[in-house]
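Enquirer: return atomic coordinates for the entry below.
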Amino acid sequence: MPDGFDVNTQNNIESGYFVFTMMPSLRCELNCPHCYLSTDERRNSPVMSLEQLQEVMDKVYDYYADKTDVPVKFLSFYWYGGEPTQMGIDYMIAAFKMIEERFTEKDGYHIRHTLLTSLIAVQEYWFEFFEKWCGGYFQTSFDGLMRGKRYMRDWERKVKLARSRGISVGTITVVNNKILEDTPKSVLDYLVELGISEASFLPMMRNEQNEAHHYGKYAPSMDQYSAFMIEFMEYWYELKEKGVSVPAIGQSQYIMSRANTDKNGNIAGQTMFLMPNGDFTLPDYRDGYTEYMQPFGNIFESDFETVLASKDRRKYLRRQYFANKNTECIECDKRHQCIMEFWKENKENDDCFGAKKYVDWLVDRESRIPVVSLSNGVMC
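Expert: Purely as a prediction, here's the structure:
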């Protein structure tokens, strides 16, 4: 975090911390089993024009310009999708330049760009882009054989090419049954062999696109997720003690970084997703834990403050504050540091979506010999 930024009090957009998830296009050529986008969205999504993107940035800038009590602002631009690189290198360079020219250190802004790519269709000129505009770092999806052997072969080749250039690579894994079959030790050995600097492991969420077929086929239970993460981290500690260069683990870093925060700190007040049509959204849930995108307002139809103060966002944050009326979570002593990204109902007879069994194990392990607590990473 930048100098002068207070991580304890600046924990939402209004106070100057904005995890600005950028989705100006949803286009993607792949058909991943866990994807939340329809085929039509992936193939035919509109692309927000650069002129429209400038309007968005100007409105965000104007909002903070009126807040004289927030001298230091940290904006973390997380380029998501779809596949961000399908917008083209010229679009992305122009967009990054625009953002850096709008949000300057002189005006109290500190910005970071992180881009998530499948990597499959990425040409080598993108590596120059990552070096220049993303601090020599990018994130890529690693979901094992759920995506097929050919995908993994092409993906591995691109990762090795990036690493040969000295680029740091982080992986985002949606934990699935194919990953479980590989075993935690084999997965960590593979990431170490590739020289991955950071790795994040997310539970697979049910959504409107995967619930009919792929969710039941590929999604482990949360008990299985926690068991995987515990075994994975046990081996991680073992390798770390031997002096092996292991990746930082996003979920473990997050859990320990939240140890001393307020119990109501995890309410997603720092994050919004910008969609191609100008809607600001966040994931929400129906029928228990089926994920969909909840819009809060459209930036082309109002100013940014109106979006932030909208009835829909205020209602959403109230529900987050009260853990979406999830009694199990409200009463939990780890709700402030669990991995429940957005509050939802838990499955019956299963570990919660916050992975409490894993959280409890890690907190106990770190209380005896702190290792994760003493390290840092980009992911959260």
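Enquirer: and the closest residue to residue 122 other than its chain neighbours, how close does it get to residue 141?
Expert: Nearest residue to residue 122, sequence neighbours excluded (CB to CB, 6 or more residues apart in numbering): residue 85, at 5.6 Å. Where you see a C-beta, it was placed from the backbone N, CA and C, and this is true even at glycine. Distance, residue 85 to residue 141, using CB to CB, to the nearest Å: 12 Å.
Enquirer: now do the buried residues in stretch 303-315.
Expert: 304, 306-308, 310, 312-313 (16 or more other CB atoms under 10 Å).
Enquirer: please read the previous query as pertaining to stretch 30-39.
Expert: Neighbour counts over stretch 30-39 (16+ other CB under 10 Å) mark 32-37 as buried.
Enquirer: again with stretch 58-68
Expert: Neighbour-count burial for stretch 58-68 [16+ other CB under 10 Å]: 59-61, 63-64.
Enquirer: which residues are contacting it?
Expert: 14, 16, 18, 20, 70, 73, 75, 102-103, 107, 109, 299, 303-305, 308 (CB atoms under 8 Å, 6 or more residues apart in numbering).
Enquirer: wait, a helix at residue 320?
Expert: Yes - counting by DSSP: H, G, I helix; E, B strand; the rest coil, residue 320 is located in a helix.
Enquirer: measure the residue lying closest to it once chain neighbours are set aside to residue 145 for me?
Expert: Spatially, and ignoring its direct neighbours in sequence, residue 320 is nearest to residue 267 (3.8 Å; CB to CB, 6+ apart). Going from residue 267 to residue 145 by CB to CB gives 36 Å.
Enquirer: these two: which is more packed in?
Expert: Counted by other CB atoms under 10 Å, residue 267 and residue 145 do not tie: residue 267 has more neighbours, with 20 against 14.
Enquirer: how much space between the more buried one and residue 7?
Expert: Note on residue 267: its distance to residue 7, by CB to CB, is 16 Å.
Enquirer: what's whichever helix or strand residue 187 is part of packed up against?
Expert: Residue 187 belongs to helix 184-194 when assigned by DSSP states H and E. Packing contacts for helix 184-194, counted by 3 or more CB pairs under 8 Å, 6 or more residues apart in numbering; DSSP states H and E, involve helix 149-164, strand 168-175, helix 222-241.
Enquirer: residue contacts, residue 308?
Expert: 13-14, 63, 296.
Enquirer: may I see the residues you listed arranged in JSON lines, with secondary structure and pLDDT as well?
Expert: Shown next, in JSON lines, are the contacts of residue 308 (DSSP: H, G, I helix; E, B strand; the rest coil; pLDDT from 0 to 100):
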{"residue": "13", "secondary structure": "helix", "pLDDT": "97"}
{"residue": "14", "secondary structure": "helix", "pLDDT": "97"}
{"residue": "63", "secondary structure": "helix", "pLDDT": "98"}
{"residue": "296", "secondary structure": "strand", "pLDDT": "99"}
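Enquirer: just the buried ones from those residues?
Expert: Neighbour counting with 16+ other CB under 10 Å marks 13-14, 63, 296 as buried within the contacts of residue 308.
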